[in-house]
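**Q** Fold the stuff below for me.
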Amino acid sequence: MFHNALEPWHLLILVAVVVLIFGSKKLPDAARALGKSMRILKSETKAMKDDGAANEPRPEPEPAPEQRTISGAPGDTATARTAPTDSTTSHGG
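**A** This next block holds a predicted model:
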């Protein structure tokens, strides 16, 4: 039934009708608008995929160890110094 439904001269007639309806000046603007719409659609689709990946739970990083201070005498801040944490001390060996 539709064995030779779309032949080259059918396409030529279709292009001629489109040019007559829209005019040759408006066709580039229509193509540009269509391209811009496709770019917007593509970027929004990508953003939705990225948002979906961002909503997955991520493991939280471990908090950094706090530094301890050792003072020479109670209330004496002039001789206070920072003590190394357990992860920064080196044991010979």
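
**Q** what packs against the top helix by length along the chain?
**A** Longest helix in the chain by number of residues (criterion: DSSP state H): helix 26-54. In this structure, helix 26-54 packs against helix 8-22, with contacts taken as 3 or more C-beta pairs under 8 Å, 6 or more residues apart in numbering; DSSP states H and E. (C-beta placed from N, C-alpha, C; glycine too.)

**Q** For the helix it packs on, which helices and strands make contact with it?
**A** helix 26-54.

**Q** what angle separates the helix it packs on from helix 8-22?
**A** 100 degrees (axes from the mean of the first three to the mean of the last three C-alpha atoms, to 10 degrees).

**Q** before we move on, back to that, state the mean pLDDT of the longest helix of the chain.
**A** For helix 26-54, mean pLDDT rounds to 89.

**Q** Same check on stretch 5-14?
**A** pLDDT averaged over stretch 5-14 gives 84.

**Q** CA-only coordinates of it in PDB, if you can.
**A** Written as PDB, here are the backbone C-alpha positions of stretch 5-14 (Å, rounded to 0.1, in the frame of the first residue of the first chain):
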ATOM      1  CA  ALA A   5       4.900   6.600  -0.500                       C
ATOM      2  CA  LEU A   6       7.800   9.100  -0.200                       C
ATOM      3  CA  GLU A   7       9.600   9.800  -3.300                       C
ATOM      4  CA  PRO A   8      12.000  12.700  -4.000                       C
ATOM      5  CA  TRP A   9       9.500  14.800  -5.800                       C
ATOM      6  CA  HIS A  10       7.200  14.500  -2.800                       C
ATOM      7  CA  LEU A  11       9.900  16.100  -0.600                       C
ATOM      8  CA  LEU A  12      10.400  18.900  -3.200                       C
ATOM      9  CA  ILE A  13       6.700  19.700  -3.100                       C
ATOM     10  CA  LEU A  14       6.700  19.700   0.700                       C
END
